[in-house]
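Asker: requesting a structural model of the entry that follows:
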Amino acid sequence: MGSVKKQGDYMAIQVDERLQHIAFIMDGNGRWAKKHGMPREYGHSVGASTFEKVVRYCGDVGIKTVTVYAFSTENWKRPEVEVKAIMLIFGEYLKKAAKKADEYGLRVVFLGDKRVFPENIAKDMTALEIATAKHPLTLNIAINYGGRDEIVHAVNTLIGMGKTSITEDDISAHLYTAHCPPPDLIVRTGAEKRLSNFLLWQSAYAELYFCDTLWPDMSEAEIDAAIEDFYKRKRRFGGV
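Answerer: Alright, predicted model coming up:
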């Protein structure tokens, strides 16, 4: 397992090369808000703050790539007021993201189809990707993202290139995540135990960790627990 070093008053795990990419299904914002007698939109606001804290902590302990599931292709079915609130939070994030990315050394990449967003938002997303492209750590934000949609997009891209026979390597090279390794560990908060159309191709050999903690309550200690659990497992990748 990785080493441990002090982060302020907290003893933080330091990971090694076995854990390069951790992905989070950030579940439980709405239930957290209900638990506190607040509207669901408030839970998403608090969850956004937790997202920033978690991403920074992961970088501090040595994880090179973090992916977060922010908004799925299916989430558009949610109540209009909730969708508007999430998009407002996302727009606010874009306004300050470049400064934060520079501070943390993050390359920001958006996974998903940008064409559904207003032109100004889509331009801001692309501009952020370009401005942060040389940073050493990677933050993937999956927004308007679905794992099945991603695979279909990759295959259609290859067909458009004239491919008549497609290999696994071809598909991997044309996924939204072609720039980074597949996740070693996928963490889902909120007590649900499913992937919900998240990184379906990439998760073939990922270790899965499910916890009851609602996303706004996600802490450094819970991340450490997931990492400790990861290091207890023997990864065979189909071997013995």
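
Asker: in the chain, where is pLDDT below threshold?
Answerer: Counting by pLDDT under 70, the chain has low-confidence residues at 1-12, 240.

Asker: would you map the strands across the chain?
Answerer: Counting by DSSP state E, the segments of the chain that form strands are 3-7, 10-14, 21-25, 65-72, 106-111, 137-145, 185-188, 207-210.

Asker: mind saving the C-alpha coords of the longest one as CSV?
Answerer: What that stands for is strand 137-145. Presented in CSV, the C-alpha positions along strand 137-145 are these (Å, rounded to 0.1, in the frame of the first residue of the first chain):
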residue,chain,number,x,y,z
LEU,A,137,-3.1,16.1,-13.4
THR,A,138,-6.3,15.3,-15.2
LEU,A,139,-9.9,16.0,-14.1
ASN,A,140,-12.6,14.5,-16.3
ILE,A,141,-16.1,15.9,-15.9
ALA,A,142,-18.7,13.6,-17.4
ILE,A,143,-21.6,15.9,-18.3
ASN,A,144,-24.4,15.0,-20.8
TYR,A,145,-22.5,11.7,-20.6
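
Asker: and the residue nearest the centre of the chain, what is it in contact with?
Answerer: Residue closest to the average C-alpha location in the chain (CA atoms, centre = their mean): V68, at 1.5 Å. Applying CB atoms under 8 Å, 6 or more residues apart in numbering, one finds that V68 lies in contact with 23-24, 26, 51, 54-55, 139-142. To be clear about C-beta, it is placed using only N, CA and C from the backbone, and glycine gets the same treatment.

Asker: returning to that earlier point: what's the closest of the strands of the chain to G239?
Answerer: Nearest to G239, of all the strands of the chain, is strand 207-210, at 15.4 Å by CB to CB.

Asker: can you list the strands that the closest one pairs with?
Answerer: Its sheet considered, strand 207-210 pairs with strand 185-188 (parallel) by DSSP bridges.

Asker: can you redo the strands of the chain as JSON lines with distance to F237?
Answerer: Shown next, in JSON lines, are those (distance: least, CB to CB, whole Å):
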{"stretch": "strand 3-7", "distance to F237": "25"}
{"stretch": "strand 10-14", "distance to F237": "23"}
{"stretch": "strand 21-25", "distance to F237": "15"}
{"stretch": "strand 65-72", "distance to F237": "18"}
{"stretch": "strand 106-111", "distance to F237": "24"}
{"stretch": "strand 137-145", "distance to F237": "22"}
{"stretch": "strand 185-188", "distance to F237": "14"}
{"stretch": "strand 207-210", "distance to F237": "11"}
